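J.: Give the three-dimensional model of this entry:
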Amino acid sequence: QVQLVESGGGLVQPGGSLRLSCAASGFTFSSYSMSWVRQAPGKGPEWVSFISTGGSITRYADSVKGRFTISRDNAKNTLYLQMNSLKPEDTALYYCARGGGPSVVPVRGSWGRGTQVTVSS
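T.: Prediction:
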């Protein structure tokens, strides 16, 4: 049974940082590309970032480029998203997802439950 469990969200002031983690189980993590997707209240899902199976290829949405860094540890079956210089418009529920590609939102069934990120003073 595929499981993706996100953690690390919270309330942070503008300009602050957070590191999201996603623990994967139930599948061969190292064989799948992974993505981060976010959804703000009242809006559709937004693709945020993509990483290839080995981690050598990464891509970012223009809205987060230069501020967010995606990474993975295949030995620990864990995906990460380091978020720096956070802005109020980054406020959303953040999901990790199995698969996907650059600028591609993976199918909903491949997402975890999400972790809330709120950027506010």
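
J.: how about the strands in the chain?
T.: 3-7, 10-12, 18-25, 34-39, 46-51, 58-60, 68-73, 78-83, 92-98, 115-119 (DSSP state E).

J.: From Val5, how far out is Gly54?
T.: Counting by CB to CB, to the nearest Å, the gap from Gly54 to Val5 is 22 Å. Glycine gets a C-beta too; all of them are placed from N, C-alpha and C.

J.: Looking at those two, which has the bigger crowd around it?
T.: Comparing Gly54 with Val5 by other CB atoms under 10 Å, the one with more neighbours is Val5, at 15 against 10.

J.: Next up, the contacts around the nearest residue to that one once chain neighbours are set aside.
T.: Nearest residue to Val5, sequence neighbours excluded (CB to CB, 6 or more residues apart in numbering): Ala23, at 4.7 Å. Contact partners of Ala23, counting by CB atoms under 8 Å, 6 or more residues apart in numbering, are Gln3, Leu4, Val5, Ser7, Asn77, Thr78.

J.: in the sheet, who's paired with Ala97?
T.: Going by DSSP bridges, Ala97 is paired in beta bridges with Ser35, Trp111.

J.: Just give the number of residues close to it.
T.: Ala97: 27 surrounding residues under other CB under 10 Å.

J.: My guess is it contacts Arg38. True?
T.: No. With contacts counted by CB atoms under 8 Å, Ala97 stays clear of Arg38, the gap being 10.7 Å.
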